[in-house]
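J.: missing the sequence, but the structure's below:
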């Protein structure tokens with residue numbers, strides 16, 4: 001029966017901790033989501049350009 005008691009304590013503790021969480025507002029969530037999307041796209045473009053430059057450089061070296 002220790003498993004049942006441990007599970008009960010875990011669930012009660014988890015519930016108590018979740019009540020302490022300060023959840024972001026809808027506007028904050030939207031802003032953070034847009035920031036993550038913009039940074040992801042920016043990094044994707046950066047790495048694509050870097051990949052293209054290295055590929056062109058290696059191709060130029062090999063084709064000599």
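T.: Structure's in. What do you need? None of these values were measured; they are calculated from a predicted model.

J.: So which residue is dead centre in this protein?
T.: With distances taken as C-alpha atoms, centre = their mean, the chain has residue 36 as the residue nearest its mean C-alpha position (7.7 Å).

J.: give me the element that residue is part of.
T.: helix 26-62 (DSSP states H and E).

J.: Quick check: the residue nearest to the centre of the chain vs residue 16, distance?
T.: Here the criterion is C-beta to C-beta, to the nearest Å. By it, residue 36 lies 30 Å from residue 16. Bear in mind the C-beta positions are built from the backbone N, C-alpha and C, glycine included.

J.: shaky segments in the protein?
T.: Applying pLDDT under 70 to the chain flags no residue at all.

J.: 80 - rerun?
T.: 1 (pLDDT under 80).

J.: where's residue 56 relative to residue 64, distance?
T.: On the measure of C-beta to C-beta, residue 56 and residue 64 end up 13 Å apart.

J.: Tell me how many other residues surround residue 35.
T.: Neighbour count for residue 35, taken as other C-beta atoms under 10 Å: 10.

J.: Next: residue 47.
T.: Counted with other C-beta under 10 Å, residue 47 comes out at 10.

J.: tell me the contacts of it?
T.: By C-beta atoms under 8 Å, 6 or more residues apart in numbering, residue 47 lies in contact with nothing.
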